[in-house]
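# please find the sequence and the predicted model below.
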Amino acid sequence: MAKDYYATLGIEKTASEAEIKKAYRKLAVKYHPDKNAGDKKAEERFKEISEAYAVLSDSEKKQQYDQFGDTDFHQRYSQEDIFRGADFGDIFREFGGGEDIFSQLFGGRGGHSSQSHTYHQRRPQAVKGQDYIMRVNIPLRQAVSGGERMIHYQHNNQSEQIQVKIPVGIESGQKLRVAGKGGPGPRGGKAGDLLLEVTVDNDPVFQREGNNLQVQVNVPFSGLCLGTSATVPTLEGEKRIKIPAGTGNGSKIRLKGHGVPAHGKHAAGDLYAQIMVQVPKKLTSEQKELLKQLNKLGL
């Protein structure tokens, strides 16, 4: 469940450091376990407000929380990260050693327990920067065959060109990762990555079905009846095929291994030539007469 640290402390997002501390002190006095012995609800509320204060009282954590939102923030910070370096000492002096309550509630993750002094001495944990997502369109033929593509990338108000390797057989919806081209890493952490979400464009000649390709080949009616040959476009160039007599309209002839090239665990796909009757838009007088005769003969 998402957490709203500002709502937890009952403050506005614009609250000052002093207002944050004041709000927390008021709630901490109310829900402190020393004043609510055995009250589990008060204990949980005390944990919630203490976590909120640990984040909002730290300018760097607060900036990360405001920038990325609750979900992304908690993917970057564990509870130990949240409480590391938090200073509750001046708030809990009035409880007479009440600061040690964090050792009991959080297993030593709190601000001034004997264990947490060790955290103060450690170097803050580096956090990887945010990943960026960019949509990119790739022609079908390049998606099938692979290769390299220049991507124009706008980052921090600067335009950059990135050479990206396109793997053989990539499909729409898959992502390409470009390491180190995302957001900067807090506290010296690694930069995030750029994720390129691929959309494969339609092709005027080839249609793709998995690792297979399909292409339409138009043949005259007489060729289907008597048998003929036709030229079929492939990724490697044109190929001549034989069309047996009596081939039906819409029939497919397989050209083995002429689909998507072999990649990874996938064998090469096939190319299917779909044979379609070619109907002329205009006929000569001689063609019309012949067709009339054929029509009388039942063709």
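Yep, that arrived. Residues are numbered from 1 along each chain as shown.
# where does the stretch 151-299 of the chain dip in pLDDT?
Along the stretch 151-299 of the chain, segments meeting pLDDT under 70 span 156.
# any idea how this structure splits into domains?
5-121, 132-200, 206-296 (automatic domain parsing).
# rebuild those domains as a markdown table, extending it with mean neighbour count.
The C-beta positions use only the backbone N, C-alpha and C, and glycine is treated the same way. Putting those into a markdown table (neighbours: other CB atoms under 10 Å) gives the following:
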| stretch | mean neighbour count |
| --- | --- |
| domain 5-121 | 17 |
| domain 132-200 | 15 |
| domain 206-296 | 14 |
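# do you know how far residue 37 is from residue 43?
With the distance defined as CB to CB, to the nearest Å, residue 37 ends up 10 Å from residue 43.
# swap in residue 264?
According to CB to CB, residue 264 stands 53 Å off from residue 43.
# ok, now residue 21?
22 Å.
# where do the strands sit along this structure?
Using DSSP state E, the strands of the chain run over 132-138, 147-155, 158-166, 175-178, 194-200, 206-209, 212-220, 228-234, 237-243, 252-255, 271-278.
# neighbouring strands - and their directions - for the third one?
Okay, so that is strand 158-166. If you go by DSSP bridges, strand 158-166 pairs up with strand 147-155 (antiparallel).
# can I get the CA coordinates of stretch 227-236 in CSV?
Output of stretch 227-236 as CSV, limited to C-alpha atoms (Å, rounded to 0.1, in the frame of the first residue of the first chain):
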residue,chain,number,x,y,z
GLY,A,227,0.7,-24.3,-64.1
THR,A,228,3.3,-21.6,-64.3
SER,A,229,6.2,-20.0,-62.5
ALA,A,230,6.4,-16.7,-60.5
THR,A,231,8.9,-14.5,-58.9
VAL,A,232,8.8,-14.3,-55.1
PRO,A,233,10.5,-11.5,-53.1
THR,A,234,12.6,-12.8,-50.2
LEU,A,235,14.8,-11.0,-47.7
GLU,A,236,17.8,-12.2,-49.7
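# contacts for that stretch?
141, 144-145, 205-206, 213, 215, 217, 219-220, 222-223, 238-247, 255, 258, 271, 273, 275 (CB atoms under 8 Å, 6 or more residues apart in numbering).
# mind redoing it with 7 Å?
For stretch 227-236, the surrounding residues in contact (CB atoms under 7 Å, 6 or more residues apart in numbering) are 141, 144-145, 205, 215, 217, 219, 238-245, 255, 258, 271, 273.
# so how far is it from its chain's centroid?
40 Å (CA atoms, centre = their mean, to the nearest Å).
# swap in stretch 39-56?
Here stretch 39-56 is found 34 Å from its chain centre; the criterion is CA atoms, centre = their mean.
# could you do stretch 179-195 as well?
From the chain centre to the centre of stretch 179-195 is a distance of 15 Å (CA atoms, centre = their mean).
# same check on stretch 257-269?
Remark: stretch 257-269 is offset 26 Å from the chain centroid, using CA atoms, centre = their mean.
# quote the end-to-end distance of it.
5 Å (CA to CA, to the nearest Å).
# what about residue 83, distance to residue 61?
With distances taken as CB to CB, residue 83 is found 10 Å from residue 61.
# ok, now residue 51?
Look at residue 51 and residue 61: by CB to CB, they are 11 Å apart.
# repeat for residue 30
For residue 30, the distance to residue 61 (CB to CB) stands at 24 Å.
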